[in-house]
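In: this one's structure only:
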């Protein structure tokens, strides 16, 4: 499957996910594969103001651009739209006695965070992400092959 922006979003087989997960820290595994949430105001990317691209820490799919990042005051990096809507998928999450919308990487299925309808214009959405689910590449850096379009 190819996204509208030209990226391969074919779901990865479990064997490839397991292989990629070997390079993750215990906290990253807990977030991406265990659906945990990092504590607010602790993530390394919360206060990042550089221009660039945020990719899935596990598979490298571009997920968000710094152009859509905003300060939400919640303690987690927040964005008002994804890099490409096809790069994230939504699932209903009823954990912890709440009903929320979980966001997952479309290619590897990793847990990224949640999306809420209290964001700024133009979308009114707030994609609230765990820093541990993302890797940041400055606009001046070359993206690795897994983060480039076909």
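Out: Looks like it arrived, so ask away. The shown structure was predicted, so the numbers you read here are calculated from the model rather than taken from an experiment.
In: which residue sits farthest out from the middle of this structure?
Out: residue 97 (23.4 Å; Cα atoms, centre = their mean).
In: now do the same contact list for that one.
Out: If you count contacts by Cβ atoms under 8 Å, 6 or more residues apart in numbering, residue 97 has none. The C-beta positions use only the backbone N, C-alpha and C, and glycine is treated the same way.
In: count of neighbours near the residue nearest to residue 84 when sequence neighbours are not counted?
Out: Distances taken as Cβ to Cβ, 6 or more residues apart in numbering place residue 5 nearest to residue 84, at 4.3 Å, with adjacent residues excluded. For residue 5, the neighbour count with other Cβ atoms under 10 Å is 13.
In: repeat for residue 71
Out: Neighbours of residue 71 under the rule other Cβ under 10 Å: 11.
In: in the sheet, who's paired with the residue nearest to it when sequence neighbours are not counted?
Out: With Cβ to Cβ, 6+ apart as the criterion, residue 71 has its nearest non-adjacent residue at 7.4 Å, and that residue is residue 78. Note on residue 78: beta-bridge partners residue 70, residue 128, judged by DSSP bridges.
In: OK, contacts around residue 78?
Out: 69-72, 119, 126-129.
In: same deal with residue 35?
Out: For residue 35, the contacting residues are 95, 102, 111, by Cβ under 8 Å, 6+ apart.
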